[in-house]
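Q: Quick one: sequence plus predicted model below, questions after.
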Amino acid sequence: EDRGSKVVWSDAECPGGDYGEKGRTHTWTPQAWHRVGKLKNDIIQLALEEDYDFLWLVDTDVFCDPGLLVGDVLPPEGARTDKIGIVPHHTLADDLKLLELVASDSAYVLIDPRSPAEVVCAAIASCAHVFASSLHGLITADAYGVANTWVAPEGQGRLKFHDYAASVGRAMRAPIALDQIASAPKPDAALTYQDGIDACRTALVDHFPAALCARQGAA
């Protein structure tokens, strides 16, 4: 079974890469190739078609996003409200359709990911449900145990969302459209994949560089 891969490739047409005297180097670490391992062949084929010079597939068994630890750094303050948070990708934060949707119902609150991290995290943690086209909007909601729904990330890739979902054992096959939020279910129940989140949090702590842990402890 493929337990995971770190994909690194280099394009020699652009100078200044990390590998060789010329080349643009890209590093991509999908969190869960063991769940979506069939895509590895597609990545290899893409590298061949694009004439990349290097392609490494490095085994790893840690598939977690450090954003899941945000609750340890910024614990939630105050009681959870009945507000419905909407967290757009930062490129969509000023979208007129989004602003119209938020204005249409007093239960909605727009959580702008361009705001300070403390503000964004506190807002997400206080919601009953979150809709997000921002990947880290979903991850932050998961970190605080807030039920959440994936909204189509217009103009953005989707693979990273599936990678994250696989890492915590979350069934997240397809996003809903922005105009479906009003009629979409808005459950506030406990997350059915909480065990996966807890396992990822444990793995992150266990694999965190010892030197950085020591520095944090001394601070």
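A: Looks like it came in fine. Numbers count the residues shown, from 1 in each chain.

Q: Compute the number of surrounding residues for the closest residue to Leu191 other than its chain neighbours.
A: Distances taken as CB to CB, 6 or more residues apart in numbering put Gly145 closest to Leu191, at 6.1 Å, once the chain neighbours are dropped. To be clear about C-beta, it is placed using only N, CA and C from the backbone, and glycine gets the same treatment. Applying other CB atoms under 10 Å, we find 15 residues neighbouring Gly145.

Q: Gly145 reaches Ala189, doesn't it?
A: No: the criterion here is CB atoms under 8 Å, and Gly145 misses it with Ala189 at 10.2 Å.

Q: ok, longest helix in this protein?
A: helix 194-207 (DSSP state H).

Q: Just give me the neighbour total for Val109.
A: Other residues near Val109 come to 18 when the count uses other CB under 10 Å.

Q: Counting by contacts, list what the helix or strand where it lies packs against.
A: For Val109, the element it lies in under DSSP states H and E is strand 108-110. Packing contacts for strand 108-110, counted by 3 or more CB pairs under 8 Å, 6 or more residues apart in numbering; DSSP states H and E, involve strand 84-87, helix 96-103.

Q: right, so these: which one is the most enclosed?
A: Each of these was assessed for mean neighbour count using mean count of other CB atoms under 10 Å. The highest is strand 84-87, with a mean of 26.

Q: That one pairs with which strands, parallel or anti?
A: strand 108-110 (parallel), strand 129-132 (parallel) (DSSP bridges).

Q: out of those strands, nearest to Leu74?
A: Minimum separation from Leu74 across those (CB to CB) falls at strand 129-132, 15.8 Å.

Q: correct me, but Ile139 touches Leu69?
A: No: here Ile139 does not reach Leu69: they are 10.2 Å apart, not a contact under CB under 8 Å.

Q: which of those two has more neighbours?
A: Neighbours of Ile139 and Leu69, each counted by other CB under 10 Å, are more numerous for Ile139; the result is 22 against 16.

Q: Wait, a helix at the more buried one?
A: Yes: assignment of Ile139 by DSSP: H, G, I helix; E, B strand; the rest coil places it within a helix.

Q: show me what contacts it?
A: Ile139 sits next to 65, 67-68, 164 when contact means CB atoms under 8 Å, 6 or more residues apart in numbering.

Q: Of these, grab the buried ones for PyMOL.
A: Burial among these is assessed by 16 or more other CB atoms under 10 Å; the matching PyMOL selection reads:
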select buried, resi 65+67+68+164
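
Q: so how far is Ala174 from the residue lying closest to Ser126 once chain neighbours are set aside?
A: Sequence neighbours aside, Thr81 is the residue nearest to Ser126 in space, at 5.2 Å (criterion: CB to CB, 6+ apart). Distance of Thr81 to Ala174, computed by CB to CB, to the nearest Å: 29 Å.
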